[in-house]
Structure formats: structure tokens, C-alpha cells
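Participant: Next one to model:
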Amino acid sequence: MKSVLQITLGILLAGLVMLLVRIAYSGYIEYRVTQGLNEIALKQKQAEATRLEAIKIRQKAELQLRQQAKQEAARKSLLAKQKAEERKRKNDAWRQYYTVPDICKNYESDEQMVNCVNHKADAKAKFEKAYASGDLILLR
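Facilitator: Presented below is the predicted three-dimensional model:
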């Protein structure tokens, strides 16, 4: 009977050891799974932070591009306004500079028309030269 008890006790002890090994193994597996999940979560956080940083950089670049475009548009607008003002000044100066001769107000022949057109072209050339050099003097 002593041997039956020893065998039973040995079986119980072996079962208990097996149970403890299974518990330890389950704990180890749980630890490794938790560690793997934590690594995945950390990588996801890093990826999200990288993605957010890239978005931030892209938004900053887009803002700079919009500001540059706005500045360029303002510069072009100012330049166009200045050119328009210069054209107006030049046209006003031309109107003050050139007076149509009385003979050119009503054409009586083709030759007279050609002479008047040539007169105006010559006057325009002289005006352009004087205007460009700054030597233009308007008396009116």
C-alpha cells in the first residue's frame, strides 16, 4: 500500500509540476504577446507622428507657396498699374505734343492723306525719341 501511495503521490506531483510548467509557459507566452503588441503600438505611434510631421511640413510649404503667389500677384498687379499709369502719361504727353495740322483734318486726295500719315509717323518717331531720352518739353 505504501507503494500505491507513493505512485499516486508521484503522479500527483508530476501533474502539479506539469501544471506549474503550463502556467509558467502561459505566462511567458502572454509576456511575449504583450511585448509584441507594445512594439506594434510603438511603431504605429511613431508612424503616426511621422505622418503628422509630414502633414505639418506639407502645410507649411503650401502656406509659403500661397504667400509667395500672393506676393507675386501683388507685385504683378503693382507693375501692371505702374505700366498703365506710364502708358496714360505717355498718351497724354502725345496728345499734348501732336496737333493735327488743319490740312490733315479733311483729305482732298490720296497724296494728301499719305503726306498726313507720314507727317504723323515722323512726329510720333520724334516724340518717342524725345520721350525716351527725357528731353520732351511740353508747353501746354
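
Participant: Check the protein for me, the residue farthest from its geometric middle.
Facilitator: Met1 (92.8 Å; Cα atoms, centre = their mean).

Participant: Which neighbouring elements make contact with the helix or strand harbouring Leu12?
Facilitator: Per DSSP states H and E, Leu12 falls inside helix 2-97. Where contact means 3 or more Cβ pairs under 8 Å, 6 or more residues apart in numbering; DSSP states H and E, helix 2-97 is packed against helix 110-133. For every residue, glycine as well, the C-beta is placed using N, CA and C.

Participant: can you list contacts of the helix it packs on?
Facilitator: Lys90, Ala93, Trp94, Tyr97, Tyr98, Val100, Pro101, Ile103, Cys104, Tyr107, Leu136 (Cβ atoms under 8 Å, 6 or more residues apart in numbering).

Participant: In three-state terms, label Leu136 for me.
Facilitator: Classification of Leu136 using DSSP: H, G, I helix; E, B strand; the rest coil returns coil.

Participant: That one contacts Ala93, doesn't it?
Facilitator: Yes: taking Cβ atoms under 8 Å as the definition, Leu136 is a contact partner of Ala93 at 6.4 Å.

Participant: Neighbours of Lys45, how many?
Facilitator: For Lys45, the count of nearby residues is 10 (other Cβ atoms under 10 Å).

Participant: Revised request: answer the last question for Tyr97.
Facilitator: Neighbours of Tyr97 using other Cβ under 10 Å come to 19.

Participant: Which residue is the nearest non-sequential neighbour of it?
Facilitator: Spatially, and ignoring its direct neighbours in sequence, Tyr97 is nearest to Phe127 (5.1 Å; Cβ to Cβ, 6 or more residues apart in numbering).

Participant: Quick check: the residue farthest from the centre of the chain vs Arg58, distance?
Facilitator: 84 Å (Cβ to Cβ, to the nearest Å).
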